[in-house]
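Peer 1: Would you be able to build a 3D model of this:
(one chain, ligands or ions: 2)
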Amino acid sequence: MSNEENYIARRDFLKLAGVGGAGLLIGSTGVGGSILASQYFAKDKKNVKNKINFYGKYQSGITTDAQKHIYFVVLTINKMSVSDVKKMFKLWTNYSVHLMNGEFVKELGDNKMLPSPDTGETIGLDANRLSLTFGISPSFFEKVGLNKHKPELLKDLPHFPKDQLDDAYTGGDICIQACSDDPQVNFHAIRNLIRVAKGEVSMKWSQAGFNSYKEKDGKIETPRNLFSFKDGTGNPSLHKQSELDKYIFIQDGWAKNGSYLVARRIQMLLETWDRTALEEQEATFGRYRHSGAPIGKEKEFDTFDPNVKDKNGENLIEKESHVSLAKASKTNLLRRSYSYSDGINSQTGTFDAGLLFLSFQKSPEQFNKIQNKMGAVDKLNEYITHRGSGIFLCLPGVQEGEYLGETLFNRF
Ligand SMILES: C=CC1=C(C)c2cc3[nH]c(cc4nc(cc5[nH]c(cc1n2)c(C)c5CCC(=O)O)C(CCC(=O)O)=C4C)c(C)c3C=C
Ligand SMILES: [Fe+2]
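Peer 2: Numbering: from 1, shown residues only. Ligands and ions are numbered 1, 2, ... in the order given. A predicted model of the protein is given here:
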């Protein structure tokens, strides 16, 4: 890490040690000579409007009620020493707490002779329920020389039938997911996190996305994707610890309480979909468009029965419907996806729009199993193309006084 970053860290230190004592002193971690060896980490502010806590058992942005907007970025790193990586994640810890408090990463300052310490486009905005989620990929372990600590389950995803992946949206070493109710808050967070790591990280790919929410009887309804169907109905219940343990969070080792994240940039062929009759659209998912109920049932959360029959004893739901195939895989995962719309494909004159599919699971095998089941037979395949892909290990949640990735990096 450059002198500049150490200097920045020193200014963080001085500021946090100042009036108000916003930080917490932690003991020396043995990073030779660096001011970061005894760093103050910022704290979550109490009683702040629209704030989600940074510290907790799990990272924010996984079980957090989904916000309206996402900015997802994938970074590549140069070859870095573990000690530099540690410094970068310590800085990111501090910055993330400030950003999620609705603060600037540093005071804006008024020295007209210097670049602004924070880029400043959130002046006047609150935290907008910002969550920040950090993940590392198999290639990260390789580049940092930590291969022997890479969990066995963290491997590049296999090739799936029908994949048409574009290198421009695939791979990378680190992902940062920023979600909030304001697109500028997300962009500001990512921009400033990257800015402080300049020289160490480069941007590989990014995707902004959105979801719209409707409230009914005091409850937020399941959002609809760009095919107009409710998307997220069959997710595990986030209110049951048993479901979190069974499907979402890693249960042991240094990555305990972390989660594997699969990111897929999936183009949705809206023009083809829009030429398709509603009955066929519903048959594609095995659910009704309006209510989201399983075919043959009435309400969104009624049990999905793939073998439900009509009065003549004929199957009402096709075996190749998207949900029937997902059910047949006998596993599940947490989907926290966002729609995207990126203008048009100039070669075809069609929308470049779709789903930034994001799933959190305790093992990538859950995703592989479902995706393989859907394979070449899912009725939905006619209307979608997988264009981008990434697999990341989202780090465990951080306790006050600790930093992101501490259970991994503190071995050094
Ligand atoms: C491999 C995992 C999955 C991919 C990739 C995927 C893409 C994808 N899905 C939709 C729309 C819907 N999916 C729905 C349900 C559903 N999908 C998956 C997995 C993947 N989807 C699962 C595990 C489930 C839940 C099955 C269950 O147990 O009930 C639905 C129905 C409503 C819901 O439960 O969310 C819709 C609609 C799109 C448009 C898409 C790619 C662009
Ligand atoms: Fe799906």
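Peer 1: going forward, measure contacts and count neighbours with C-alpha atoms only.
Peer 2: Fine.
Peer 1: So which residues of this protein form helices?
Peer 2: Using DSSP state H, the helices of the chain run over 3-17, 82-100, 138-144, 183-196, 241-243, 270-274, 278-285, 322-328, 364-374, 406-409.
Peer 1: Which positions within the second one qualify as buried?
Peer 2: The one in question is helix 82-100. Buried residues in helix 82-100, counted by 16 or more other C-alpha atoms under 10 Å: 82-83, 85-100.
Peer 1: Return the most buried member of the helices of the chain.
Peer 2: Of these, the one with the most neighbours on average (mean count of other C-alpha atoms under 10 Å) is helix 82-100, at a mean of 22.
Peer 1: Report the angle between that helix and helix 183-196.
Peer 2: 150 degrees (axes from the mean of the first three to the mean of the last three C-alpha atoms, to 10 degrees).
Peer 1: Adjust the sequence numbering to begin at 393 for everything that follows.
Peer 2: Taking 393 as the first residue, the last one we looked at is helix 474-492.
Peer 1: Which residues does helix 474-492 contact?
Peer 2: 393, 401, 423, 428, 433-436, 443-446, 496-497, 519, 521-524, 536-537, 581, 585, 588-589, 795-797, 801, 804 (C-alpha atoms under 8 Å, 6 or more residues apart in numbering).
Peer 1: Now that we have these, which of them are buried?
Peer 2: Buried positions within the contacts of helix 474-492, assessed by neighbour count (16+ other C-alpha under 10 Å), are 393, 401, 428, 433-436, 443-446, 496-497, 519, 521-524, 536, 581, 585, 588-589, 795-797, 801.
Peer 1: of these, list those near ligand 1.
Peer 2: Counting by C-alpha under 6 Å from any ligand atom, nothing from these sits close to ligand 1.
Peer 1: wouldn't residue 559 be in contact with residue 780 here?
Peer 2: Yes. Contact criterion C-alpha atoms under 8 Å: residue 559 and residue 780 qualify, at 7.4 Å.
Peer 1: of the two, who's got more company?
Peer 2: Legend: neighbour count by other C-alpha atoms under 10 Å for residue 559 and residue 780, higher for residue 780 (22 against 12).
Peer 1: Provide a list of residues in contact with whichever residue of the stretch 443-592 of the chain sits closest to ligand 1.
Peer 2: Closest residue of the stretch 443-592 of the chain to ligand 1, C-alpha to the nearest ligand atom: residue 552 (10.1 Å). When contacts are counted by C-alpha under 8 Å, 6+ apart, residue 552 is found next to 763, 764, 767.
Peer 1: Could you rerun that using 7 Å?
Peer 2: When contacts are counted by C-alpha atoms under 7 Å, 6 or more residues apart in numbering, residue 552 touches 764, 767.
Peer 1: same question, the one 10 residues further on
Peer 2: For residue 562, the set of contacting residues under the criterion of C-alpha under 7 Å, 6+ apart consists of 780, 781, 782.
Peer 1: and the last one, what does it touch?
Peer 2: Listed by C-alpha under 7 Å, 6+ apart, the contact partners of residue 782 are 562, 563, 654, 655, 656.
Peer 1: in the sheet, who's paired with the third one?
Peer 2: Translated: residue 654. residue 751, residue 783 (DSSP bridges).
Peer 1: wait, doesn't it sit right on residue 785?
Peer 2: No. Here residue 654 does not reach residue 785: they are 8.9 Å apart, not a contact under C-alpha atoms under 7 Å.
Peer 1: more neighbours, these two?
Peer 2: Set residue 654 next to residue 785 and count neighbours by other C-alpha under 10 Å: residue 785 wins out with 29 against 20.
Peer 1: The closest residue in space to that one that isn't next to it in sequence and residue 727: what is the separation?
Peer 2: Residue nearest to residue 785 in three dimensions, not counting chain neighbours: residue 652, with 4.5 Å by C-alpha to C-alpha, 6 or more residues apart in numbering. Plainly put, residue 652 is 12 Å away from residue 727 if you go by C-alpha to C-alpha, to the nearest Å.
Peer 1: Overlap in contacts, the two.
Peer 2: residue 752.
Peer 1: quick one: which of those two has more around it?
Peer 2: Per other C-alpha under 10 Å, whichever of residue 652 and residue 727 has more neighbours is residue 652, with 28 against 20.
Peer 1: Who are the contact partners of that one?
Peer 2: By C-alpha under 7 Å, 6+ apart, the contact list for residue 652 reads 752, 753, 754, 755, 756, 784, 785, 786.
Peer 1: let's see it at 8 Å
Peer 2: With C-alpha under 8 Å, 6+ apart, residue 652 has these contacts: 546, 640, 641, 752, 753, 754, 755, 756, 783, 784, 785, 786.
Peer 1: how near is the nearest residue to the first one once chain neighbours are set aside to residue 538?
Peer 2: Of all residues beyond its chain neighbours, the one nearest residue 546 is residue 530 (6.1 Å), with distances taken as C-alpha to C-alpha, 6+ apart. Relative to residue 538, residue 530 is positioned 10 Å away (criterion: C-alpha to C-alpha).
Peer 1: Identify the residue nearest the residue in the stretch 643-792 of the chain that ligand 1 sits nearest to in space, chain neighbours excluded?
Peer 2: Residue nearest to ligand 1 within the stretch 643-792 of the chain (C-alpha to the nearest ligand atom): residue 763, separated by 3.9 Å. Distances taken as C-alpha to C-alpha, 6+ apart place residue 552 nearest to residue 763, at 7.4 Å, with adjacent residues excluded.
Peer 1: Also residue 453?
Peer 2: Nearest in space to residue 453, with sequence neighbours left out and distances taken as C-alpha to C-alpha, 6+ apart, is residue 523 at 5.2 Å.
Peer 1: Kindly report the same for residue 683.
Peer 2: Per C-alpha to C-alpha, 6+ apart, closest to residue 683 is residue 692, 5.8 Å.
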